[in-house]
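Enquirer: Have a look at this prediction, sequence included:
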Amino acid sequence: MGIVCKNHVFTLQTKSSTYQMKEEGGFLFHNYYGPVIGDVDMSYLVCPMDRGFSGQPQEIVDRRFSLDTRLLEYSAYGTGDYRDYCLHAVYEDGSHVTDLRFVSYEVKEGKYALEGLPAMYQGEEKAETLEITLRDEYKNLEVVLYYGVFEDLDVITRACKIVNQSEEQVRLLRAYSMGLDFDNKDMDMLHFYGRHAMERKMERSPLQHGFQGVESRRGYSSHQQNPFVILCKQDANEEYGWCYGASFVYSGNFSIQAEVSQTDLTRLTVGIQDTQFEFHLDSGESFTAPEVILSFSENGLGQLSRNYHKAIRHNLCRGKYKTERRPVLINNWEATYFDFTPEKLVAIAKDAKELGIEMLVMDDGWFGKRDSDYSGLGDWFVNEKKLKGGLKNLVEEVNKAGMKFGIWFEPEMISEDSDLYRAHPDWALTVPGRSFTRARHQLVLDFSREDVRTYIFDRMCEILESANIEYVKWDANRHLTDVWSAKLPADRQSEVFHRYILGLYDFLEKLTQRFPNLLIEGCSGGGGRFDAGMMYYHPQIWCSDDTDAIERLDIQYGTSFGYPISTVGSHVSVCPNHQTGRSVSMKTRGVVAMAGTFGYELDITRLSQEEKDMVKIQVEEFKKYYFLIQQGDYYRLTDDGRKSPYVAWEFAAEDGTEALLNVVTLRVRAYAMPYTVRIKGLKPEAVYEVEGTGEKYSGAALMNGGYLLPVIWDDYQSVQVHFVECCE
Ligand code: GLA
């Protein structure tokens, strides 16, 4: 187990996977990634063949050897591997050629960390690190490949550092985090596309020759594509088949591409997208490429997702609320939008408290001149005309009502109609003299600049320290354009995109250190920055601005492939829904919102008594199931409704002692066959009681025969069934 290095064969073993590389003639080849095979040298599978137009390195005369047709571990541009490459450097002589050769390796206890970047950490799970150093001798450019091996999680992480050891300047035109070569192309790619209020829709298609993949050039990981993909065997399903996942721990521009080559090999590359990317390394400087979390499952997509859920929950999310129960919150956005008073907020808090809700979140509109989205961003001063009596008073009132208090910020943004913009127009990302692009009437602050960040940080701290604030919703409501920084010279402008993200991470790191008990929920117009990078700072992220329960079924289904339930911000809102106009029962809205962090996004003072009674029951139930939902094993039991007339999912305790089944009907048919759902994750020999009905079944019966659902009339109805292990 762990890392075995024998005769320059490097084998990384996890519980259910083996990853292998081999140094041969100075080159680092990829040997294998898949089910456990021990430390057998898998290079016996290499079948050298002379291929026209695939050349040889100078010292090799054998025409059957070419970098173009072998599985490589980290490919550099310019020396005969014509496939998608990981590294592209330009040197002072104008040459673009990098020839990486093996130098050395080192095995270390524990998991490596990456300076200034989020990354998985060791925690309670055992972890080891392998570092392999490659080098271009001619230009003294070194690449250190990092491998983190989490045996029990079935996770291998990758990252790398490029070090300029020469006296000259090197320009990096591409510095990807990893390449992963496969000896075949018989796989499907699953990726998660979308748009604002419709994030992470799963799409699956077979690999074809040439390129396929996802990327973002928006400066954010984005709603449109997500930095997580799966490659799986074409017969793989939820429970069966080989699946490989790659999750990029980065929140900015990214590229994840699969290229199928002339010889039917597949290369998966992951890294920072290289449009307007050019990083300069002066002598002695280095560049660190962000981490990728890889996982392999031999047992289908469900297991792969559970690997990611656990890895992110245990070894990426941090802080008090990683394990502690988070408060059930009510947010005033859809209740009042910008139009609120302290009295209104306190009234919501009081009614919410009665029903078991624990925190009030005051959303956008409490600062500067901010009664619409035309103005105010950047002026992080309490608007005392609106919040009469001040913030401290309001928080005290809310606390007095027995509720915690949370607040909204959009720290990265600036409105032209703000005192901040009038004082510092150059703080916004724009190109001087040029017209610029607005989105939601706002501009983006240049977070690559330390002075800008320090100013906003100080303003935020002052607000957070002025009252008992226990939660922040960190929003970011547009993508980047006009990317140019007043602080950098012309030849460094292609560093701004990445420096922006480094600045953002630096800010968030400082904030989490200064306020270790603060719960920060990420948000970017809903789930526009729903990525593993942000989860290092935010244990939860508002999943989508679409709060319609039926739309959320798809969005949460797609999200669940790569991200744990505990990160999925989801609330019950009113009907007709504000985004779709659809009406769905209160019960179903609750069941769907429970597949996440759970809360409310409505004016609770205007609910009927019957609705309030429902809220009370929902909150109690959510609290009862909290740890089962947030830390249990998650199973998708149907697809997102494209093929199935209903959508079902389940949470099972890791030790198999209980499970919660959730079902929502989409399209009921006349005299349809009853739905039988096979329950997962139980103990076959144990007996389970169905809470509330007294029915008893063996685990084997429920898992193999299934549970017969009560007849459900009408579309968009739901049931939750709780199975608890009992004595007989
Ligand atoms: C974004 C968020 C919403 C809300 C508004 C406020 O759209 O996703 O939840 O906070 O901003 O302006």
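Expert: Arrived safely, thanks for sending. Numbers count the residues shown, from 1 in each chain.

Enquirer: Just to check, Lys612 is in contact with Ala352?
Expert: No - taking contact to mean C-beta atoms under 8 Å, the distance of 10.0 Å between Lys612 and Ala352 leaves them out of contact. Every residue, glycine included, has its C-beta placed from N, CA and C.

Enquirer: Ramachandran angles for the one residue in the stretch 301-450 of the chain that gets nearest to the ligand?
Expert: Residue nearest to the ligand within the stretch 301-450 of the chain: Asp364 (3.5 Å; C-beta to the nearest ligand atom). Backbone dihedrals for Asp364, given as degrees, to the nearest 10, come out at phi -50, psi 140.

Enquirer: if you skip the residues just before and after it, what's nearest to it?
Expert: Distances taken as C-beta to C-beta, 6 or more residues apart in numbering place Trp408 nearest to Asp364, at 5.2 Å, with adjacent residues excluded.

Enquirer: what does the helix or strand hosting Val724 contact?
Expert: Using DSSP states H and E, the element containing Val724 is strand 718-726. The contact list for strand 718-726, computed with C-beta atoms under 8 Å, 6 or more residues apart in numbering, reads 585, 587-588, 591-592, 594, 621, 625, 656-665, 679, 682-683, 686-692, 696-697, 702, 707, 709-710, 712.

Enquirer: So which bits of that strand are buried?
Expert: Neighbour-count burial for strand 718-726, counted by 16 or more other C-beta atoms under 10 Å, picks out 718-723, 725.

Enquirer: what comes up buried for stretch 279-291?
Expert: Applying 16+ other C-beta under 10 Å to stretch 279-291 flags 279-281, 287-291 as buried.

Enquirer: Let me have these in CSV, extended by distance to Asp426 and secondary structure.
Expert: Output for these, formatted as CSV (distance: C-beta to C-beta, whole Å; DSSP: H, G, I helix; E, B strand; the rest coil):
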residue, distance to Asp426, secondary structure
Phe279, 23, strand
His280, 22, strand
Leu281, 27, strand
Phe287, 27, strand
Thr288, 29, strand
Ala289, 30, strand
Pro290, 29, strand
Glu291, 33, strand
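
Enquirer: re the thing from before, between Lys612 and Ala352, which is the more surrounded one?
Expert: Between Lys612 and Ala352, counting by other C-beta atoms under 10 Å, Ala352 is the more crowded of the two (27 against 17).

Enquirer: Who are the contact partners of the nearest residue to the more buried one once chain neighbours are set aside?
Expert: Of all residues beyond its chain neighbours, the one nearest Ala352 is Ile330 (4.6 Å), with distances taken as C-beta to C-beta, 6+ apart. Applying C-beta under 8 Å, 6+ apart, one finds that Ile330 lies in contact with 348-349, 352, 357, 359-361, 599-602, 604.

Enquirer: Same list (the residues you listed) but as CSV, adding secondary structure, distance to the ligand and pLDDT.
Expert: Shown next, in CSV, are the contacts of Ile330 (DSSP: H, G, I helix; E, B strand; the rest coil; distance: C-beta to the nearest ligand atom, whole Å; pLDDT from 0 to 100):
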residue, secondary structure, distance to the ligand, pLDDT
Ile348, helix, 16, 98
Ala349, helix, 18, 98
Ala352, helix, 18, 98
Ile357, coil, 17, 98
Met359, strand, 15, 98
Leu360, strand, 14, 99
Val361, strand, 9, 98
Gly599, strand, 12, 98
Tyr600, strand, 13, 98
Glu601, strand, 8, 98
Leu602, coil, 13, 98
Ile604, helix, 17, 98
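
Enquirer: thought Tyr220 was touching Asn477?
Expert: No - with contact taken as C-beta under 8 Å, Tyr220 and Asn477 are classed as non-touching, separated by 10.5 Å.

Enquirer: nearest residue to the most centrally placed residue in the chain other than its sequence neighbours?
Expert: Using C-alpha atoms, centre = their mean, the residue of the chain that lies closest to the mean C-alpha position is Asp531, 2.3 Å off. For Asp531, ignoring the flanking residues on the chain, the nearest one in space by C-beta to C-beta, 6+ apart is Ser221 at 4.1 Å.

Enquirer: Am I right that the one you found is in a strand?
Expert: No - Ser221 is assigned coil when assessed by DSSP: H, G, I helix; E, B strand; the rest coil, not a strand.

Enquirer: roughly how far apart are it and the ligand?
Expert: Distance, Ser221 to the ligand, by C-beta to the nearest ligand atom, to the nearest Å: 15 Å.

Enquirer: what about that residue, how many neighbours?
Expert: Neighbour count for Ser221, taken as other C-beta under 10 Å: 27.
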